[in-house]
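*Asks:* Any chance you could fold what I've pasted below:
(one chain, ligands or ions: 1)
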Amino acid sequence: MTRARRSGRSEEGPPAAAEPAGFGARRLALAAVAEVLRSRTGLDEILARSPGADPLARAVAVTTFRRLGTLGRVLNERLAKGLSADERAFALLATGAAQILFLNVPDHAAVDLTVELARSDPKLRHLTGVANAVLRRVAREREAILAEEISPLEDAPVWLAERWTGTYGPERAAAMAAAHRDGAPVDLSAKEDAAGWAERLGGALLPSGSIRLADRTAIPDLPGYAEGAWWVQDAAAALPARLLGAGPGERVADLCAAPGGKTAQLAAAGAVVTAVDRSAARLGRLRQNLDRLRLGAEVVCTDALAFRAEPFDAVLLDAPCTATGTLRRHPDAAWTKQEGDLASLADLQRRLLDHAATLVRPGGRLVYCVCSLEPEEGEQQAAAFLRRHPEFERIPVAPGETGLGQAVVTDEGDLRTLPDAAGLPEAFRRGLDGFFACRVSRKPA
Ligand SMILES: C[S@@+](CC[C@H](N)C(=O)[O-])C[C@H]1O[C@@H](n2cnc3c(N)ncnc32)[C@H](O)[C@@H]1O
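*Replies:* So this is what the prediction gives:
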């Protein structure tokens, strides 16, 4: 193995040798994994501000989070002193083992580049020998490791695995965790003619109206992207705005709107949309998305709790949440949240819901939704809202309304999707995100 040095010209002497191919991607993946664990910031945000982040760096980091529990156990069992609590040390070994076990990377490349990463970093240099020994052992024992019966729940933090088991039962919880491991297909929402776009893109038109692509592919290169014919949106994420049923000319508030997937749906339906979000950066992305789609909305950057306006015909509240329903696409989200976050998020959701209610005219509709698997953010939040607000009544979701059948409608008439495909029509065999939505209307005055 050649010893890597930083590329570019050193201050003195001859030009430095180039780094080995793929070294930069591994360095970035290691840094991103460590930073997510340290700062509890989402991986997408960290990669977005990392110059040079490429698909390989993303694949290594995402796979590490997808299989974090398994990687931790495999490494711990093979390290005399166990895994270090230091995030960078953990990330070094975990990203290396992820490449050996779960990515199509030749063993020698995974081992050599990880060893080189250790050697080139003064804070990790003491792990050079350990990384070499443990990763070589993981590579030697790969077949046995992969043949082990490891429950997919091991790849979730213990607190989440326990909650899902308690809420959904051990079998369903394991199926959900397996879906998180499998990842997600790419779903699109079309401005119009979803069937035509499904055909042109070689995808499938789902019974819910979304398009499911056959393969993961470079999105901006696809037909229809540049002209703004469709946008990326998980099939489950497209359901709440459909349930709101906004019609042409209706005034609709989209609270917590950025980056604008649901705003686009409402605007495409012809509604006059006011999109509210407190994040200026995320609203920048919303504006870009609407511009590409040639759709319009009034955009208001403020805390939704402080947003006042004439009551609307319809209000959509897509509240901030633990996002545990999106772990197929964002496995890092499981590791950026803690159980304690649930109570503070549920409290914020309650306040946002109460405020959203003030923005609904008599006879108007309100849809509350979260991309969470946790009942405190979904079912319990909706039930408590209806107890606090007798001036609202539920408009139950009809079994035929979503194209997903009865399996996604709760006894109370709310929408509840889970990431695995149990009970769903065949077209959804690759699952969909976990979402909860409740639709209510303000009783006429
Ligand atoms: C689940 S995301 C919304 C996704 C969006 N509805 C879509 O479909 O693309 C939640 C959003 O809530 C925003 N947010 C969180 N707390 C907020 C608050 N108090 N007021 C307004 N927006 C808030 C965040 O900035 C974030 O953009």
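*Asks:* tell me the contacts of Asn76?
*Replies:* By C-beta atoms under 8 Å, 6 or more residues apart in numbering, the contact list for Asn76 reads Gly82, Leu83. Placement of C-beta: from N, CA and C, glycine included.
*Asks:* before we move on, what about the one 3 residues further on?
*Replies:* Contact criterion C-beta under 8 Å, 6+ apart gives Leu93, Val130, Val134 as the residues in contact with Leu79.
*Asks:* Generate TSV for the residues you listed, with pLDDT as supplementary columns.
*Replies:* Listed next are those as TSV, based on pLDDT from 0 to 100:
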residue	pLDDT
Leu93	97
Val130	96
Val134	97
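*Asks:* Highest neighbour count among the residues you listed?
*Replies:* Within the contacts of Leu79, neighbour counts (other C-beta atoms under 10 Å) peak at Leu93, which reaches 28 neighbours.
*Asks:* Just want to check the distance between it and the ligand.
*Replies:* 33 Å (C-beta to the nearest ligand atom, to the nearest Å).
*Asks:* so which helix or strand takes in that residue?
*Replies:* Take DSSP states H and E as the rule and Leu93 turns out to sit in helix 87-102.
*Asks:* got the residues of the protein near the ligand?
*Replies:* 256-262, 276-279, 282, 303-305, 318, 320 (C-beta under 6 Å from any ligand atom).
*Asks:* Narrow those residues to those that are buried.
*Replies:* Buried subset of the residues of the chain next to the ligand (neighbour count, 16 or more other C-beta atoms under 10 Å): 256-262, 276-278, 304, 318, 320.
*Asks:* Out of those, list just those in helices.
*Replies:* Among those, the ones falling in helices (DSSP state H) are Gly261, Lys262.
*Asks:* which ones are touching Glu154?
*Replies:* Contacts of Glu154 (C-beta under 8 Å, 6+ apart): Gly69, Thr70, Arg73, Ala161.
*Asks:* Which one of the residues you listed is nearest to Leu342?
*Replies:* Closest approach between the contacts of Glu154 and Leu342, by C-beta to C-beta: Ala161, at 14.7 Å.
*Asks:* you'd agree the closest one is in a helix?
*Replies:* Yes. Assessed with DSSP: H, G, I helix; E, B strand; the rest coil, Ala161 lies in a helix.
*Asks:* Check for me that Arg350 belongs to a helix.
*Replies:* Yes. Arg350: assigned to a helix according to three-state DSSP.
*Asks:* any idea how far Ile150 is from it?
*Replies:* 38 Å (C-beta to C-beta, to the nearest Å).
*Asks:* which strand in the protein runs the most residues?
*Replies:* Longest strand of the chain, by residue count under DSSP state E: strand 360-370.
*Asks:* Please spell out which residues along that strand are buried.
*Replies:* Under the neighbour-count criterion of 16+ other C-beta under 10 Å, strand 360-370 has Val360, Arg361, Gly364, Arg365, Leu366, Val367, Tyr368, Cys369, Val370 buried.
*Asks:* hang on, the earlier thing: mind checking which of the buried ones among the residues of the chain next to the ligand land in strands?
*Replies:* Counting by DSSP E, those place Val276, Asp277, Asp318 in strands.
*Asks:* which one is the second one nearest to, not counting chain neighbours?
*Replies:* To tie it back to what came earlier, the one meant is Asp277. In this structure, Asp277 finds its nearest non-sequential neighbour in Ala258, 4.0 Å apart by C-beta to C-beta, 6 or more residues apart in numbering.
*Asks:* How about Leu205: what's its closest non-neighbour residue?
*Replies:* That would be Ala198: by C-beta to C-beta, 6+ apart, it lies 4.0 Å from Leu205.
*Asks:* quick one: contacts for that neighbour?
*Replies:* Residues counted as contacts of Ala198 (C-beta under 8 Å, 6+ apart) are Ala190, Ala204, Leu205, Ile211.
*Asks:* before we move on, what about Ala238?
*Replies:* Taking C-beta under 8 Å, 6+ apart, we find Ala238 in contact with Asp187, Ser189, Ser208, Gly209, Ser210, Gly261, Gln265.
*Asks:* just the angle between the next helix or strand after the helix holding Leu93 and helix 87-102, please?
*Replies:* Downstream of helix 87-102, the next assigned helix or strand under DSSP H and E is helix 107-120. Going by axes from the mean of the first three to the mean of the last three C-alpha atoms, to 10 degrees, helix 107-120 is angled at 170 degrees with respect to helix 87-102.
*Asks:* Helix 107-120: what's the following helix or strand?
*Replies:* By DSSP H and E, the next helix or strand past helix 107-120 is helix 128-140.
*Asks:* helices and strands around that next one, which ones?
*Replies:* Contacts defined by 3 or more C-beta pairs under 8 Å, 6 or more residues apart in numbering; DSSP states H and E place helix 128-140 against helix 68-76, helix 87-102, helix 107-120.
*Asks:* just checking, which of those helices sits deepest inside the structure?
*Replies:* A comparison of these by mean neighbour count, using mean count of other C-beta atoms under 10 Å, puts helix 87-102 on top with a mean of 25.
*Asks:* How far away from the center of its chain is that one?
*Replies:* When distances are taken as C-alpha atoms, centre = their mean, to the nearest Å, helix 87-102 is centred 22 Å away from the chain's centroid.
*Asks:* And that helix, what does it pack against?
*Replies:* Under the contact criterion of 3+ C-beta pairs under 8 Å, 6+ apart, helix 87-102 touches helix 23-39, helix 55-66, helix 68-76, helix 107-120, helix 128-140, helix 142-147.
*Asks:* Now do the nearest residue to Arg388 once chain neighbours are set aside against Gln381, distance only.
*Replies:* Spatial nearest neighbour of Arg388, excluding adjacent residues (C-beta to C-beta, 6+ apart): Asp354 at 7.2 Å. As judged by C-beta to C-beta, Asp354 and Gln381 stand 11 Å apart.
*Asks:* Reformat the helices and strands packed on helix 128-140 as a markdown table; add distance to Leu295.
*Replies:* Formatted as a markdown table, the helices and strands packed on helix 128-140 follow (distance: least, C-beta to C-beta, whole Å):
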| stretch | distance to Leu295 |
| --- | --- |
| helix 68-76 | 38 |
| helix 87-102 | 39 |
| helix 107-120 | 45 |
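*Asks:* So for Asp433, which of those sits nearest?
*Replies:* Distance to Asp433, taken as C-beta to C-beta, is lowest for helix 68-76 among those, at 19.8 Å.
*Asks:* taking the mean pLDDT, what do you get for that closest one?
*Replies:* Helix 68-76 comes out with an average pLDDT of 96.
*Asks:* got a list of what Leu83 touches?
*Replies:* With C-beta under 8 Å, 6+ apart, Leu83 has these contacts: Gly72, Leu75, Asn76, Ala89, Phe90, Leu93.
*Asks:* closest to Gly228 among the residues you listed?
*Replies:* For the contacts of Leu83, the closest approach to Gly228 (C-beta to C-beta) belongs to Phe90, at 42.4 Å.
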